[in-house]
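J.: quick one: sequence plus predicted model below, questions after.
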Amino acid sequence: MSERRRQIVITVITGTCLAIAVYATQPKPSDAVHRATVLPDRIILSWTQDPATTQAVTWRTNTSVRQSFAQIAVAEDGPEFEQHATQVSATVVPIVSDLGKYHYHSAEFTGLTPKTTYAYRLGDGENWSAWNNFRTASTKAEPFSFVYFGDAQKQIRSHWSRLLRTAYSSAPHARFFMHGGDLIDRQGRDSNWGEWHEAAGWVNAVIPSLAVPGNHEYEHGVGRTIKQLSAFWQPQFQFPQNGPPGLEDTTYWLDYQGVRFIALNSNERIEEQTVWLEKVLEDNPHQWTIVMHHHPLYSVSVNSDNNAHLRKAWQPLYDKYGVDLVLQGHDHCYGRTNLRGYQDKSSGGGTVVSAGTVYVVSVSGPKMRRLGQDGFASSAEGIQLFQLITIDHDYLKYESRTAVGRLHDAFTLRKREGQTNELIESFAPGERTAAEPANFD
């Protein structure tokens, strides 16, 4: 257990309550549907350790549940597996939100067998969740798929839920979801997080999630002048605690079946993360490297600041260590580059032609902006999109699909010994789908 999580356990034992920043405005009557009950809700799988042998899970209840458990067994074709279930105790963290007090629970299953389907449930010994299945990863570089979502942010229940469910229907065997920040609009509003969990529903209980915070996960707390990370973030997401000190919950790396995934926090402390990033890239033993952060190195929307400070800090490392794909958000439209290297215009340097990195900016929610930047191989405005990405040995297959499942953009990266990746476009020029009418704000 990490020092940070050990401190949380101590907090629970001493009875000190975590405080969430509460907005001065009162919750709406309709927000009452997001209040906790005795039954586990907001169940979400994630990882803090090796996906081949561990699985972490968090959930929420009201404050009457003071002790909780997680049960697990190797899944079987029928219900008899329940007789063989083992039980682990959960950590309980008290929370105060604008909708009242409740408890967050977290547990971790360890010592699991790779490539095995398990069934688990959560509860207090009397009130239990449904049994849900998950599958552990392989210890080898075997093919798998995952789904990426850019900003969900607004109208989550009414619009983002549709896209997520289309993504699940398109890729029911995806091994995990990745969320590139701005999952919600107001970080201190319990109802915002309630809508996000409601939109995914039971899917989050069977497909693990990885996430990074966007600027909307950072806001001014009550009585504070410095922006702080949402107090909902750490209790509901259990991620690897291998990032720079103080950023463990938002900056981390995870290896999955021959791919190193790196999550960066583009909101703060960039220099510290840059030093850490180089070590993580330098020590990477895997064939593929995928990075996720919220703010894009190359912006695609109108009036964007283009984040030159991030580009200067991180892109030379992406070039040097051969990062294959960078997944980003923030701009509320879509842009995907060809293979692109770093260009330091301030010193007159040219593009690094040997670089083999593709940069993606995407949006999954209904908040839209207009396109304003050129230089992208594919771009669009007014379309909600998810990205389905498959790794299969020397190939990375990328698909960007709309809320109705229509293919909008696609390409393949092929690894070449001693050379940069080969980028193989799936569409001829002009073949991509046209944008639907946009909902600009």
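T.: Right, received. Where do you want to start?
J.: pLDDT wise, what is Ala119 at?
T.: Reading off the confidence values, Ala119 has pLDDT 98.
J.: I'd guessed it sits against Ala130; true?
T.: No - applying Cβ atoms under 8 Å as the test, Ala119 and Ala130 come out as separate, 9.9 Å apart. Where C-beta positions appear, they are placed from N, C-alpha and C, glycine not excepted.
J.: of the two, who's got more company?
T.: Ala119 (20 against 12; other Cβ atoms under 10 Å).
J.: A helix includes that one, no?
T.: No - counting by DSSP: H, G, I helix; E, B strand; the rest coil, Ala119 is not part of a helix but strand.
J.: residue contacts, it?
T.: By Cβ atoms under 8 Å, 6 or more residues apart in numbering, the contact list for Ala119 reads Ile72, Ala73, Val74, Ala75, Glu76, Phe81, Glu82, Ala85, Trp131, Asn132, Asn133.
J.: run the last query once more with 10 Å
T.: Contact analysis of Ala119 by Cβ atoms under 10 Å, 6 or more residues apart in numbering lists 71-76, 79, 81-82, 84-85, 130-134.
J.: for it, give its distance to Leu388.
T.: According to Cβ to Cβ, to the nearest Å, Ala119 and Leu388 sit 26 Å apart.
J.: in this structure Thr48 contacts Ala107, no?
T.: No - with contact defined as Cβ atoms under 10 Å, Thr48 does not reach Ala107; the gap is 11.1 Å.
J.: tell me, what's touching those two both at once?
T.: Shared contacts of Thr48 and Ala107, counting by Cβ under 10 Å, 6+ apart, come down to Gln55, Ala56, Gln238.
J.: let me have those in a markdown table, extended by distance to Lys279, secondary structure and pLDDT.
T.: Output for the shared contacts of Thr48 and Ala107, formatted as a markdown table (distance: Cβ to Cβ, whole Å; DSSP: H, G, I helix; E, B strand; the rest coil; pLDDT from 0 to 100):
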| residue | distance to Lys279 | secondary structure | pLDDT |
| --- | --- | --- | --- |
| Gln55 | 27 | strand | 98 |
| Ala56 | 24 | strand | 98 |
| Gln238 | 23 | coil | 96 |
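J.: what would the residues you listed look like in TSV with neighbour count and distance to His294?
T.: Output for the shared contacts of Thr48 and Ala107, formatted as TSV (neighbours: other Cβ atoms under 10 Å; distance: Cβ to Cβ, whole Å):
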residue	neighbour count	distance to His294
Gln55	26	26
Ala56	22	22
Gln238	25	20
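J.: chain neighbours aside, what residue packs nearest to Gly322?
T.: Gly356 (6.3 Å; Cβ to Cβ, 6 or more residues apart in numbering).
J.: now stretch 303-320: buried residues?
T.: Ser304, Asn306, Asn307, Leu310, Arg311, Ala313, Trp314, Gln315, Pro316, Leu317, Tyr318, Asp319 (16 or more other Cβ atoms under 10 Å).
J.: relative to Tyr359, how far out is the fourth one?
T.: Going back to what we said before, that points to Leu310. With Cβ to Cβ as the criterion, Leu310 and Tyr359 are 11 Å apart.
J.: shared neighbours, those two?
T.: Pro296, Leu297, Tyr298, Gln328.
J.: tell me the contacts of the third one?
T.: Put plainly, it is Tyr298. Tyr298 touches 304, 306-307, 310-311, 315, 326, 328, 331, 335, 337, 340, 359-361, 373, 375-376, counting by Cβ under 10 Å, 6+ apart.
J.: pretty sure Val326 is in contact with Val358, am I right?
T.: Yes - using Cβ under 10 Å, Val326 is in contact with Val358, at 7.3 Å.
J.: shared neighbours of the two, anything?
T.: Joint contacts of Val326 and Val358 (Cβ under 10 Å, 6+ apart) are Thr337, Arg340.
J.: which of those two has more neighbours?
T.: Per other Cβ under 10 Å, whichever of Val326 and Val358 has more neighbours is Val326, with 25 against 21.
J.: check which element follows the helix or strand where the more buried one lies along the chain.
T.: Here Val326 is covered by strand 325-328, with elements defined by DSSP states H and E. Downstream of strand 325-328, the next assigned helix or strand under DSSP H and E is strand 334-336.
J.: can you show me the strands along the stretch 151-300 of the chain?
T.: Secondary structure of the stretch 151-300 of the chain, counting by DSSP state E, counting those that start in this stretch: strands at 177-179, 209-211, 218-220, 227-229, 252-256, 259-263, 288-292.
J.: sorry, that was for the stretch 301-441 of the chain
T.: Using DSSP E, counting those that start in this stretch, strands in the stretch 301-441 of the chain cover 325-328, 334-336, 358-361, 378-380, 385-392, 395-402, 407-414, 422-425.
J.: before we move on, the earlier item: run a quick neighbour tally on the residue nearest to Gly322.
T.: Neighbour count for Gly356, taken as other Cβ under 10 Å: 22.
J.: do the same with Thr166
T.: Close neighbours of Thr166, defined as other Cβ under 10 Å, add up to 18.
J.: find me the pLDDT at it, would you?
T.: Reading off the model, Thr166 has pLDDT 97.
J.: so which bits of stretch 371-387 are buried?
T.: By 16+ other Cβ under 10 Å, the buried positions in stretch 371-387 come out as 371-373, 376-387.
J.: quick one: which two of those residues are the most distant?
T.: Spatial extent of the buried residues of stretch 371-387 (Cβ to Cβ) is set by the pair Gly372 and Phe386 at 22.8 Å.
J.: isn't Arg311 up against His293?
T.: No - counting by Cβ under 10 Å, Arg311 stays clear of His293, with 11.6 Å between them.
J.: in stretch 413-421, which residues are buried?
T.: Neighbour-count burial for stretch 413-421, counted by 16+ other Cβ under 10 Å, picks out Leu413, Lys415, Thr420, Asn421.
J.: which regions of the stretch 251-400 of the chain sit below the pLDDT cut-off?
T.: 344-354 (pLDDT under 70).
J.: quick revisit: where's the strand holding Val326 relative to the chain centroid, distance-wise?
T.: With Cα atoms, centre = their mean, to the nearest Å as the basis, strand 325-328 stands 12 Å off its chain's centre.
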